[in-house]
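S.K.: Generate coordinates for the sequence data below:
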Amino acid sequence: MTPNLQIELRRFISSNVVSKLNKFYFENDALLIKGIDVSIGTILMGLYNRSEEAGFYKEIISLIQEESTFYQELDFTSGRILSVDDCYRVEGNDLLKEIFTNKKGRVSEMISNEVGIKSETAREILNFSALLVVSYLKNNLQLLESLKLLLEDQKRDILNSIPPGIKIMLGFTCYETVEEKNQSIGRSIFTLFGHNFFSF
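M.R.: Alright, predicted model coming up:
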C-alpha cells in the first residue's frame, strides 16, 4: 500500500512532542503545530524540486548517520518521538543547505511570516522537520526508488497545506494548484452527470 507521506509524518507530532518543543519556543500550541505541518510540506516539495537530479535522494539520506541522536530517538514502528532535545538545531542544518541551497534562510523567514511564529522558531522547526522527513525516508529505503512518483501523486494535497508565499518561493503558482483542483472537480462532476444520464 502506498503511504501518504504527510499523514505518516504527522503521526510523530503528538501533543507530548509539541509540549516539549514549546519549552524552547513559547509559541501558541496551534501555531507551533501548523508551523511544523507547513515545514514538513515545504521539505517534501523541496525534495520534489530536486527529483530530476540523479542520486540526490540517496545523497541526502546518506547525511543522516545511524548514530545520529535524532535518528535514535525515533520509534518508526509506533510513529513516536521518544525524546525531544535540541540536537536537531545542528543536525538539520546540513540537510536544509542541500535541499534549498541558498534559499534556506528565505524559506524559514517565509514560514515565520505566513504562520505567525517567531523567526527563531521557524528556523528551528524547519531543521526539526527536515530531520524527521529524511530520517523517515532513511528508515523506509524502499520508498527512494519511487519517491519522485509518490511526491508527484501527492503534490496537490501537500501544496494545499502550504501557504501561498511559500508555494511561490518553491516555484509553484497558486493558480497551478487551484487549476489542478478544478480539473479534479470537473472530472467528478462529469462522471456524476454521465452516470445519471446513462442510468435513465
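
S.K.: Can you tell me which residue sits nearest the middle of this protein?
M.R.: residue 40 (2.2 Å; CA atoms, centre = their mean).

S.K.: that's a helix at that residue, yeah?
M.R.: Yes: with DSSP: H, G, I helix; E, B strand; the rest coil as the criterion, residue 40 is located in a helix.

S.K.: pLDDT score for it?
M.R.: Among the per-residue scores, residue 40 holds a pLDDT of 97.

S.K.: Identify the residues contacting it.
M.R.: Shown in contact with residue 40 (CB atoms under 8 Å, 6 or more residues apart in numbering): 6, 9-10, 129, 132-133. For every residue, glycine as well, the C-beta is placed using N, CA and C.

S.K.: Return the subset of those lying in helices.
M.R.: 6, 9-10, 129, 132-133 (DSSP state H).

S.K.: possible to save those as a markdown table with neighbour count, pLDDT and distance to residue 82?
M.R.: Listed next are the ones in helices among the contacts of residue 40 as a markdown table, based on neighbours: other CB atoms under 10 Å; pLDDT from 0 to 100; distance: CB to CB, whole Å:
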| residue | neighbour count | pLDDT | distance to residue 82 |
| --- | --- | --- | --- |
| 6 | 16 | 94 | 22 |
| 9 | 23 | 96 | 16 |
| 10 | 17 | 95 | 17 |
| 129 | 27 | 96 | 18 |
| 132 | 25 | 96 | 13 |
| 133 | 25 | 97 | 18 |
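
S.K.: between these, which is nearest residue 53?
M.R.: Residue 53 lies nearest to residue 133 out of the ones in helices among the contacts of residue 40, by CB to CB, at 17.1 Å.

S.K.: List the buried residues for stretch 115-135?
M.R.: 115, 117, 121-135 (16 or more other CB atoms under 10 Å).

S.K.: just the ones in helices among the contacts of residue 40 now: which is nearest residue 165?
M.R.: Among the ones in helices among the contacts of residue 40, and counting by CB to CB, the member closest to residue 165 is residue 129, at 17.4 Å.

S.K.: quick one: contacts for that closest one?
M.R.: So residue 129 contacts 36, 39-40, 42-43, 92 (CB under 8 Å, 6+ apart).
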